[in-house]
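Student: coordinates only, sequence not included:
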Ligand code: SF4
């Protein structure tokens, strides 16, 4: 049995930018894989989550599938981390929240300029949209928040190293200011 830390990652209503930032740690990935192994993640394309020490969640919760995945991550990951602005406060996807779901669908699929053959998609394969986009902590307990859009590769590197080593998380100012 491996004694490496198991990490699972997922993108809910996100753009995968936070995952790209994780990959941007570049050659340090070689150091990371000495310490960790990946469970479910878009990085290795494993679709089923077994159990992980750390779950990294990118994106807010916009539909029923996002909600199911989030609940599974919470139940099977010892430590759950909201990674990035969308997971922490809804981010760009939550910009639809001031409007009703009906109004959003109408504008997107029926009334928008350039729409051809207007119809609202209703294939049963499509996950049902929730009435609003939720940050993850409004639906499950979150242990850590990693801010940024996306958090920088250096911030992710610092965070993961401190978490794996059991140290208090202490991101330097240069890694958490964005102007
Ligand atoms: Fe993309 Fe930014 Fe949201 Fe991450 S926080 S998923 S980079 S929009």
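Tutor: Yep, it's here. Being a predicted model, the structure only gives us computed values, none of them experimental.

Student: OK, contacts around residue 78?
Tutor: 52, 53, 54 (C-beta atoms under 8 Å, 6 or more residues apart in numbering). For glycine as for every other residue, the C-beta is placed from the backbone atoms N, C-alpha and C.

Student: try residue 146
Tutor: Residue 146 neighbours (C-beta under 8 Å, 6+ apart): 81, 82, 83, 84, 155, 156, 159.

Student: Bridged to it, which residues?
Tutor: residue 83 (DSSP bridges).

Student: The ligand versus that one, what's the distance?
Tutor: 10 Å (C-beta to the nearest ligand atom, to the nearest Å).

Student: Residue 137 now?
Tutor: 14 Å.

Student: now the end-to-end length of stretch 57-65.
Tutor: Terminal residues of stretch 57-65 lie 14 Å apart, using C-alpha to C-alpha, to the nearest Å.

Student: Could you give the separation of that stretch from the chain centroid?
Tutor: The chain centroid and the centroid of stretch 57-65 are separated by 7 Å under C-alpha atoms, centre = their mean, to the nearest Å.

Student: hang on, the earlier thing: closest one to residue 136 out of the contacts of residue 146, please.
Tutor: residue 82 (5.0 Å; C-beta to C-beta).

Student: which ones are touching residue 95?
Tutor: Residue 95 neighbours (C-beta under 8 Å, 6+ apart): none.

Student: from now on call the first residue 36
Tutor: Understood, numbering begins at 36; the last thing we discussed is residue 130.

Student: Let's see if you can find the most crowded of the contacts of residue 181.
Tutor: Highest neighbour count within the contacts of residue 181, by other C-beta atoms under 10 Å: residue 118, with 31 neighbours.

Student: Now do the same for that residue: its pLDDT.
Tutor: As predicted, residue 118 sits at a pLDDT of 98.

Student: Distance check, it against residue 206.
Tutor: Residue 118 is 13 Å from residue 206, where distance means C-beta to C-beta, to the nearest Å.

Student: Check residue 212 too.
Tutor: 10 Å.

Student: Compare the two (neighbour count), which wins?
Tutor: More crowded of residue 212 and residue 206, by other C-beta under 10 Å: residue 206, with 18 against 9.
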